[in-house]
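[1] Below is the sequence, then the predicted model.
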Amino acid sequence: MSQSQSHFFAHLSRMKLISRWPLMRNVSKENVQEHSLQVAMVAHGLALIKNKHFGGNVDPYRIATLALFHDVSEVLTGDLPTPVKYFNPAIQKEYKKIEHIAEQKLIEMTPDDFRDHYAGLIDNSHHSDQERFLVKAADVLCAYLKTLEELSAGNHEFELAKKRLDQILKDYQSPEVDYFMQVYVPSFSLSLDEITQE
């Protein structure tokens, strides 16, 4: 069967070339591809926590897959620094439009046979409020974990970011986020020796 060429996966492979935290001094560099994997793992964990302890009924595998794709538009837009993206509501609104255009462009790169499937992953208008929340909460949690790692390495550049993200996570008033913060997060401030000793 002959098929026309698609540049979709070639674009996605460039996620590893996009640096996160571009205006901050980083002890450890992080790219969008690495970040997306961590967000997928944390989102999956949040879904499991929600189902097991807080009466949820969400598909952890779908949540993980949505998280894998949550930043794919950045292969076309780059990663706009948070202080710029959220400078004022007008900029935030316009950037959302740009993100949506980039998402649609990526979806259009997929072969017709798979377009609806990828639209359901990439365009969050196809996601439920609960799915959107779990992916966003995981995204914020991973940014928070990054601040802990940088601060543990002596990089004080991330102190204000940590305070801001800590407040966002508290404001969620989400039992699954609170559970994750209590059970998993403290280990991120420990050394390798401390997390491996019995």
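    Nice, I can see it.

[2] ok, residue 95 - how many residues close by?
    By the criterion of other Cβ atoms under 10 Å, residue 95 has 16 neighbours. No exception for glycine: its C-beta is placed from N, CA and C like everyone else's.

[3] any idea how far residue 175 is from it?
    For residue 95, the distance to residue 175 equals 31 Å [Cβ to Cβ, to the nearest Å].

[4] what's stretch 111-122 in contact with?
    Contacts to stretch 111-122, defined as Cβ atoms under 8 Å, 6 or more residues apart in numbering, come from residues 3-4, 6, 8, 65-66, 69, 72-73, 103, 106-108, 110, 126.

[5] Skipping its backbone neighbours, what lies nearest residue 61 in space?
    residue 44 (7.4 Å; Cβ to Cβ, 6 or more residues apart in numbering).

[6] Can you say which two of the contacts of stretch 111-122 are spatially most distant?
    Spatially, the most separated pair among the contacts of stretch 111-122 is 4 and 66, at 27.2 Å (Cβ to Cβ).

[7] Mind giving me the packing neighbours of the host helix or strand of residue 52?
    If you go by DSSP states H and E, residue 52 is part of helix 32-53. Applying 3 or more Cβ pairs under 8 Å, 6 or more residues apart in numbering; DSSP states H and E, we find helix 32-53 packed against helix 60-68, helix 129-152, helix 175-183.

[8] Show the average pLDDT along that helix.
    Averaging pLDDT along helix 32-53 yields 98.

[9] Now do the contacts for the residue nearest to residue 61.
    Neighbouring residues of residue 44 by Cβ under 8 Å, 6+ apart: 60-61, 63-64, 67.

[10] redo that, cut-off 7 Å
    Listed by Cβ atoms under 7 Å, 6 or more residues apart in numbering, the contact set of residue 44 reads 60, 63-64.

[11] Tell me the one of those nearest residue 36?
    So of these, ranked by how close each gets to residue 36 (Cβ to Cβ), first place is residue 64, at 10.5 Å.

[12] closest to residue 48 out of the helices and strands packed on helix 32-53?
    Once these are compared by Cβ to Cβ, helix 60-68 is nearest, at 5.3 Å.
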